[in-house]
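Peer 1: Predicted model and sequence follow; I will ask about them next.
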Amino acid sequence: MYWNPEKEDLQERLESVEKSKTGDPEAIKARIGRGLRHRTAGVSSETRGFRTRQVQKSNKTLVIVLVALILGALLLLFYLAPIIQEATEKTI
């Protein structure tokens, strides 16, 4: 008899699925952790670093765009509010 890691992994997954059907929180945590390990198992640390830098760059860009949009909206609001108010007062 020998140890078969694939069979053991399959058995763990089947047990996890059965437990998660009952709503066991520990089984759900284990399944999530296994999925995360599986996703990053074949990825080198250099690739993970690249992905991290790309995500940070993307997040910075998103924040800058959001701040610019908010500032633009506020400027338009402050400049156009008196004009809109005058226009509504004239029609009344």
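Peer 2: Sure, I can see it. Being a predicted model, the structure only gives us computed values, none of them experimental.

Peer 1: okay, CA-based contacts and neighbour counts for the rest of this
Peer 2: Will do.

Peer 1: Now do the SS call for the residue sitting nearest the centre point of the chain.
Peer 2: The centroid of the chain falls nearest to Val55 when counting by Cα atoms, centre = their mean (10.4 Å). State at Val55, reduced to three classes by DSSP: H, G, I helix; E, B strand; the rest coil: helix.

Peer 1: Gln54 and Ala68: what is the separation?
Peer 2: Distance, Gln54 to Ala68, using Cα to Cα, to the nearest Å: 21 Å.

Peer 1: for Arg31, that is, sorry about that
Peer 2: 41 Å.

Peer 1: Likewise for Gln56?
Peer 2: 18 Å.

Peer 1: about what we covered before: who has more neighbours out of Arg31 and Ala68?
Peer 2: The neighbour comparison of Arg31 against Ala68 (other Cα atoms under 10 Å) goes to Arg31, with 17 against 12.

Peer 1: Quick check: which element contains Asn59?
Peer 2: Using DSSP states H and E, the element containing Asn59 is helix 45-91.

Peer 1: Show me how the record splits the protein into domains.
Peer 2: Here the domain parsing of the chain from automatic domain parsing is 1-42, 51-92.
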